[in-house]
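Novice: attaching a predicted model along with its sequence, questions to come.
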Amino acid sequence: MEIRKGIPASPGVGIAQALIIDCEDYPIPKRPIEPAQRGQEVQRVEQAFELACAELDALVNDQAKGSTEIKDIFAVHIRFLHDPTLRRQITDLINNQLVTAEFAVSTVLREIAAHFGKSKDPYISEREADVFDLERRLLRHLLGHRCRDLRDLDKEVVVVAKELSPTQTASFDKRFVRAIASDKGGRTSHSAIVARSLGIPAVVALEDFSEVVRPTDIVIVDGSRGIAIANPDPGTLAEYQKHLNEYIIQQQRLDSLRDKPALTRDGTKVKVRGNIEFPQEAQIVLDKGGEGIGLYRTEFLYLTSEDEPSEQQHYEAYLKVAQICQGRPIVIRTFDLGADKYSQRRRPVPERNPFLGLRSIRYCLQHLPMFRTQLRAILRASVAGDVRIMFPLVTNLAELRQAKLILRDVMEDLDDEGIPYNRDLKVGIMIETPAAAFTASTLAREADFFSIGTNDLIQYTLAVDRANEQVASLFSAAEPAVLRLIRTVIQDAYKARIEVSVCGEMASEPEYVMLLLGLGIRTLSVTAPMIPQVKQMIRSVTIQECNELARRVITMSSERHISTLLRRRASEVLPETV
Ligand code: PEP
Ligand code: MG
């Protein structure tokens, strides 16, 4: 039995056999195979070689693309792949040492690369890079096979990986993926957000868990406590089966709050909306008792599609949400691409600091045709419901003005074409950077609403990468600097009489609900599975209690003391949910 403690990323318990997803970006662990699996692994190598050869042949033969020099390089790769010694070395390793195809390919090619690298002859030493390139190509075929397996699952699994991209996580079928355990990532990394939104229990930052798990192991993931266990003993397994049953009963009880209003005990109304990544999730938000969509992360439309989505694809997605929501508000956030949210095919030259790079509204303002296509589709869908537009990662007034200028221009095009849209649709911004928070009073003059994106606001205020498990303990909404910024934004929004909500993960954490209400928040946008719990918290408190708590917290100077106090107050109010 192997037990690891990580970061709880999505609540609940999942138990099933492991499905390990390795990644070509990390060294392949040496996982043993059974003697009977040797033939199958050798066949996988053969297949990967064939696919790589076919791919390279196509590149060399494509007359339209690439210079002669590039084609010559690929021709060398092909010759290399046809070398029988190379294949023999790989299959010998599988047969003699009982290792996986991935491990054998990676080990043999890295040995050859190292050998080339040491050569004094510059022509030979430069071939080192070619061999690495081939290794990645072969691994992509071997590992891609695993990803295809994931799309055709017919039995329950716990996905175990070094790291998962938001796009990979978004493709998981909730009926079969019972839980996720990953070595890397943080609580607000986008794959963790997607797991929460799909209701799949997940633990991240598990160090070397993916290396110690074997493909035949049963794995338990306790996403509420941040624990992952491989190959549990019968007692542990029985204990977690019990937890799982209790969790399901608790969720069913909470779901009964669905039709109850989010009113505090002293009668203050709070709007609880839901965050979604895909149109069909809008129904889940309503089923959980949400009152509309407070954050629609539209970039997932782009991330899961092979090509750039057409205006019609955008339109159909937004129309579907509008039809489900039947007049309830829908805040459509324009593409927040970049950083950890890139489509696999369109990944540009790597940036040195992707989270400080060309992401979000900056990316849209540099890719105007794509941006305009999305704006057109949102405007067209605006006649079907209470559709609102929200621009992400705005840092100054110039950016907001530029984005609004483009929106006006797109409106004029629609006017010229006689296409109807809602002229009065609200246009708001996310407050996700200290720059935006400090200038909230200025931005409020030209924005119809604010939504505080605490995931990024925390990241940029504290200089802590939200997806980096090594600094995850420093990432906290309870840091005094973060809380003061949030308070400033709320106060400035009140002065300007515009709506202000919180849509970052902080809003989905029950222990922050009292504080946010005390700071003046009356609209929360929450990941769908957490809506009942957040509602229950709202229904258990008075605004006076919240105000007292907020007044006290804002004078405190220690994150640790603030977190402890918030947890204590929440557990006094609702012992069973925090
Ligand atoms: C945020 O940053 O808090 C937010 C809601 O946006 P995302 O998590 O998609 O970056
Ligand atoms: Mg954000």
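Specialist: On my side now, so go ahead. Ligands and ions are numbered 1, 2, ... in the order given.
Novice: so where do the strands sit in the stretch 1-150 of the chain?
Specialist: Along the stretch 1-150 of the chain, counting by DSSP state E, counting those that start in this stretch, strands occupy 2-5, 7-10, 13-21.
Novice: how about the last one: buried residues?
Specialist: Neighbour-count burial for strand 13-21 flags 13-16, 18-21 (criterion: 16 or more other Cβ atoms under 10 Å). For the C-beta atoms, the positions are set from N, CA and C on the backbone; glycine is no exception.
Novice: got it, and stretch 312-331?
Specialist: Within stretch 312-331, judged by 16+ other Cβ under 10 Å, the buried ones are 313-315, 317-322, 324-325, 328-331.
Novice: and the residue lying closest to Ser119 once chain neighbours are set aside, what does it touch?
Specialist: In space, and not counting its chain neighbours, Ser119 is closest to Ser125: 4.6 Å by Cβ to Cβ, 6 or more residues apart in numbering. Contacts for Ser125 (Cβ atoms under 8 Å, 6 or more residues apart in numbering) come out as 116-119.
Novice: out of these, which end up buried?
Specialist: Phe116.
Novice: show me the contacts of Ser125 that map onto helices.
Specialist: 116-117 (DSSP state H).
Novice: now, which of the contacts of Ser125 lie close to ligand 2?
Specialist: Among those, proximity to ligand 2 is found for none (Cβ under 5 Å from the ion).
Novice: reformat the contacts of Ser125 as JSON lines; add distance to Ala179 and pLDDT.
Specialist: Shown next, in JSON lines, are the contacts of Ser125 (distance: Cβ to Cβ, whole Å; pLDDT from 0 to 100):
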{"residue": "Phe116", "distance to Ala179": "42", "pLDDT": "87"}
{"residue": "Gly117", "distance to Ala179": "41", "pLDDT": "84"}
{"residue": "Lys118", "distance to Ala179": "44", "pLDDT": "86"}
{"residue": "Ser119", "distance to Ala179": "47", "pLDDT": "85"}
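Novice: right, and the strands of the stretch 1-150 of the chain - which one's nearest Pro354?
Specialist: Of all these, it is strand 7-10 that lies closest to Pro354, at 20.6 Å by Cβ to Cβ.
Novice: partner strands of the closest one, with direction?
Specialist: With DSSP bridges as the test, strand 7-10 is paired with strand 202-204 (antiparallel).
Novice: just the mean pLDDT for the partner strand, thanks.
Specialist: Averaged across strand 202-204, pLDDT comes to 96.
Novice: from the chain's centre, how far out does it sit?
Specialist: Chain-centre distance of strand 202-204: 12 Å, with Cα atoms, centre = their mean, to the nearest Å.
Novice: residues contacting it, please?
Specialist: Against strand 202-204 from outside (Cβ under 8 Å, 6+ apart): 6-10, 179-182, 184-187, 189, 191-192, 195-196, 221-223, 226-228, 469.
Novice: what do you get if the cut-off is 7 Å, keeping everything else the same?
Specialist: 6-10, 179-182, 184-186, 189, 192, 195, 221, 223, 226-228, 469 (Cβ atoms under 7 Å, 6 or more residues apart in numbering).
Novice: same question, stretch 487-498
Specialist: With Cβ under 7 Å, 6+ apart as the test, stretch 487-498 has contacts from 431, 437, 440-441, 444-445, 447-450, 452, 500, 519-521, 554.
Novice: run through the bridge partners of the residue in the stretch 151-300 of the chain positioned nearest to ligand 1.
Specialist: For the stretch 151-300 of the chain, the residue closest to ligand 1 is Arg297, as judged by Cβ to the nearest ligand atom, at 5.2 Å. On the basis of DSSP bridges, Arg297 is bridged to Arg333.
Novice: ok, Gln17 to ligand 1 distance?
Specialist: Gln17 sits 31 Å away from ligand 1, going by Cβ to the nearest ligand atom, to the nearest Å.
Novice: does that residue touch Val159 like I think?
Specialist: No. With contact defined as Cβ atoms under 7 Å, Gln17 does not reach Val159; the gap is 10.7 Å.
Novice: so Cys546 touches Leu517, yeah?
Specialist: Yes. Using Cβ under 7 Å, Cys546 makes contact with Leu517 at a distance of 4.0 Å.
Novice: and of the buried residues of stretch 312-331, the nearest to ligand 2?
Specialist: Val331 (13.3 Å; Cβ to the ion).
Novice: okay, Arg346: pLDDT?
Specialist: In this model, Arg346 is scored at 57, pLDDT.
Novice: what stretches of the stretch 301-450 of the chain score poorly on pLDDT?
Specialist: 342-349 (pLDDT under 70).
Novice: hmm, 90 instead?
Specialist: 301-308, 337-354, 358 (pLDDT under 90).
Novice: what segments of it are strands?
Specialist: Going by DSSP E, counting those that start in this stretch, the stretch 301-450 of the chain shows strands at 329-333, 386-391, 427-431, 449-452.
Novice: can stretch 362-370 be found next to ligand 2?
Specialist: No. Shown here: stretch 362-370 not in contact with ligand 2 (Cβ under 5 Å from the ion), separated by at least 12.7 Å.
Novice: return the set of buried residues in that stretch.
Specialist: 362-364, 370.
Novice: same thing with stretch 372-386?
Specialist: Those buried within stretch 372-386 under the rule 16+ other Cβ under 10 Å are 372-382, 384-386.
Novice: as CSV, the residues you listed with distance to Ala507 would be great.
Specialist: Listed next are these as CSV, based on distance: Cβ to Cβ, whole Å:
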residue, distance to Ala507
Arg372, 31
Thr373, 30
Gln374, 25
Leu375, 27
Arg376, 30
Ala377, 27
Ile378, 23
Leu379, 28
Arg380, 30
Ala381, 25
Ser382, 25
Ala384, 26
Gly385, 22
Asp386, 20
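Novice: filter the residues you listed down to the ones in helices?
Specialist: Going by DSSP H, the helices hold 372-381 from the buried residues of stretch 372-386.
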